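Asker: Curious how this folds, go ahead:
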Amino acid sequence: MTEKKNTQGQDGKLSRRRFMGAAAATAAFTIVPSYVLGGANGKAPSEKLNIAGVGIGGMGKSNLGGCERENIVALCDVDWNYAAPVFKKYPNAKPWKDFRKMLDEQKDIDAVIVATPDHLHTPVAMAAMQRGKHVYVQKPLTRLVSEARALTEAARKYKVATQMGNQGHSQEGVRLICEWIWDGAIGEVREVHAWTNRPVWPQGIDRPKDTPPVPETLDWDLWVGPAPMRPYHPCYLPFNWRGWWDFGGGALADMACHVLDPVFSALKLKYATSVEASCTKVNKETFPLASMVHFEYPAREGMPAVKIHWYDGGLKPARPDVLEVGRSLDQESSNVLFIGSKGVLRCGEYGGSPRLIPETAMKAYKRPPQTLERIKGGHEQNWIRACKGGPAATSNFDYSGPFTEMVVMGNLALRPENVGKKLEWDGDKMLVTNDKKANDYVQMHYRQGWELKS
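Answerer: Residues are numbered from 1 along each chain as shown. The predicted model follows:
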């Protein structure tokens, strides 16, 4: 068998040569017999994958739509009323409520799409990988740092194709920003500001006191999964779970995997050395209405130390002096400003519509030659090619695992006990070094019966 090509190093670091190497090999991708391919399942590009979806009522429906040229063989959701349109769309797929039974009993599954609420990402993805299944996991990859590290290491151990569902990583904007930053378009970047209009769901609220009955079509125990058990209430699902500590990651986890993607990529980041947060009134049940999070990164790969500032809930950075009078600070609902020694670069969500500011600087800039190959066919198709023995997917866990660690480190600083503290971080050891108690939230404390199996 030929060795499966990996476009990223085992340490998760990026370089010009490694970055997005998936697309580079795609151009030369040809139909070959399955026996000459490496990787799990040995699927030839001409063979269809058998794909299962877990959590199919929301984003899972969209992800399945990106895989319709393959075989959709299994559909799993704990609320069959919410998922009914998807069951109807794929009538030949076997329906399930418990992903564990599905993985144990349905033997024809090659790959699994995980689009559950955040707190279930790790148990589902880990169980699938341990059974040799490729996995596509919606963003954020996990809720906590230790979970991101565990999935990254598991993907290497089980040698399966992986992808996080930050679809912007397969689009043009991230690549342009990398090429411009690496070309020196704005000089050395020592400061970045990023913000979003989220949350667009309730936060800063307490747990409801009423206990309405559980809908007949919903398995509440399975929905709660590894989180501490609590009474059912419609305030949690199908969407507003994002604002609750036990189930989601607030505005930061929801959007930073899109908004900070070009930052993490272009600045070749890995582990922060510190994180600090401030916010509106803290709450042990839900995330704050608005917050600011500040990350510090050391010098790396010829780049200087850099500070990354995150804002949500309506908070924004100061206008840069070079932004023209009358021109809005906001470009999209989420935005990024790279502050360089020679200029400023702005972009929107997913790295979209990057521009140097002021506009005169953009017009004067001579763009560098394209050095990064572009992804064709979309984020799901990029993963499917990897599942069939092609090069590693563009946001495989060697990239998206460390990136997710950055994102959820911000939520570690937003815990009520940690707000206002500067947490010093040892990324290699996955340890807060100046506050022992803070490390309790690096790990997930799973409900009995839901512990991860090694």
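
Asker: tell me the contacts of the closest residue in space to Glu349 that isn't next to it in sequence?
Answerer: Take Glu349 and drop its neighbours on the chain: the residue closest to it by Cβ to Cβ, 6 or more residues apart in numbering is Ser334, 4.1 Å away. Using the backbone N, CA and C atoms, a C-beta is placed for each residue, glycine as well. Taking Cβ atoms under 8 Å, 6 or more residues apart in numbering as the criterion, Ser334 is in contact with Ala194, Trp195, Thr196, Asn197, Arg198, Met255, His258, Val259, Gly348, Glu349.

Asker: my guess is the last one meets Ser333, correct?
Answerer: Yes. Distance between Glu349 and Ser333: 6.4 Å, which falls inside the contact criterion (Cβ atoms under 8 Å).

Asker: So between these two, which is more surrounded?
Answerer: Using other Cβ atoms under 10 Å as the criterion, Glu349 and Ser333 rank with Glu349 on top: 20 against 14.

Asker: dump the residue contacts of that one.
Answerer: Contacts of Glu349 (Cβ under 8 Å, 6+ apart): Gly168, Thr196, Met255, His258, Val259, Glu332, Ser333, Ser334, Asn335.

Asker: For Val54, see how far away the third one is.
Answerer: Here the distance between Met255 and Val54 works out to 23 Å (Cβ to Cβ, to the nearest Å).

Asker: quick one on the thing from earlier: by neighbour count, which of the contacts of Ser334 wins?
Answerer: Busiest of the contacts of Ser334 [other Cβ under 10 Å] is Val259, holding 29 neighbours.

Asker: Can you list the residue ranges for helices in the stretch 251-400 of the chain?
Answerer: 261-266, 359-364, 379-387, 397-414 (DSSP state H, counting those that start in this stretch).

Asker: Wait, Tyr297 touches Ser274, no?
Answerer: No. If you go by Cβ under 8 Å, Tyr297 and Ser274 don't touch, sitting 9.1 Å apart.

Asker: which of these two has more neighbours?
Answerer: More neighbours surround Tyr297 than the other of Tyr297 and Ser274, with 23 against 20 (other Cβ under 10 Å).

Asker: With adjacent residues omitted, what lies nearest to that one?
Answerer: The shortest distance from Tyr297 to any non-neighbouring residue, by Cβ to Cβ, 6+ apart, is to Val306 (5.0 Å).

Asker: Neighbours of that neighbour, how many?
Answerer: Residues near Val306, counting by other Cβ under 10 Å, number 22.

Asker: swap in Arg156?
Answerer: Under the criterion other Cβ under 10 Å, the count of neighbours that Arg156 has is 14.

Asker: List the buried residues of the helix or strand where Glu153 lies.
Answerer: Element membership of Glu153 [criterion: DSSP states H and E] is helix 145-158. For helix 145-158, a neighbour-count test (16 or more other Cβ atoms under 10 Å) marks Val145, Ser146, Glu147, Ala148, Arg149, Ala150, Leu151, Thr152, Ala154, Ala155, Tyr158 as buried.

Asker: So what's the residue count around the nearest residue to the third one once chain neighbours are set aside?
Answerer: Spatially, and ignoring its direct neighbours in sequence, Glu147 is nearest to Thr122 (4.2 Å; Cβ to Cβ, 6+ apart). Around Thr122 there are 26 other residues, counting by other Cβ under 10 Å.

Asker: And Thr122, what's its pLDDT?
Answerer: Thr122 carries a pLDDT value of 98.

Asker: Next up, the contacts around it.
Answerer: Thr142, Arg143, Glu147, Ala150, Leu151, Pro226, Met444, Leu452.

Asker: Tell me which two in these are the farthest apart.
Answerer: Pairwise distances across the contacts of Thr122 peak at 14.0 Å for Leu151 and Pro226 (criterion: Cβ to Cβ).

Asker: And the strands in the stretch 251-400 of the chain, which stretches?
Answerer: Applying DSSP state E, counting those that start in this stretch to the stretch 251-400 of the chain gives strands spanning 274-279, 291-297, 306-312, 334-340, 344-348, 355-357.

Asker: can you put these in a markdown table and add distance to Pro320 and mean pLDDT?
Answerer: Below are the strands of the stretch 251-400 of the chain laid out as a markdown table (distance: least, Cβ to Cβ, whole Å; pLDDT from 0 to 100):
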| stretch | distance to Pro320 | mean pLDDT |
| --- | --- | --- |
| strand 274-279 | 22 | 98 |
| strand 291-297 | 17 | 98 |
| strand 306-312 | 13 | 98 |
| strand 334-340 | 6 | 98 |
| strand 344-348 | 5 | 97 |
| strand 355-357 | 7 | 97 |
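
Asker: Any chance of a markdown table for those strands, columns distance to Arg415?
Answerer: Formatted as a markdown table, the strands of the stretch 251-400 of the chain follow (distance: least, Cβ to Cβ, whole Å):
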| stretch | distance to Arg415 |
| --- | --- |
| strand 274-279 | 9 |
| strand 291-297 | 11 |
| strand 306-312 | 15 |
| strand 334-340 | 23 |
| strand 344-348 | 30 |
| strand 355-357 | 36 |
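
Asker: Lovely, talk soon.
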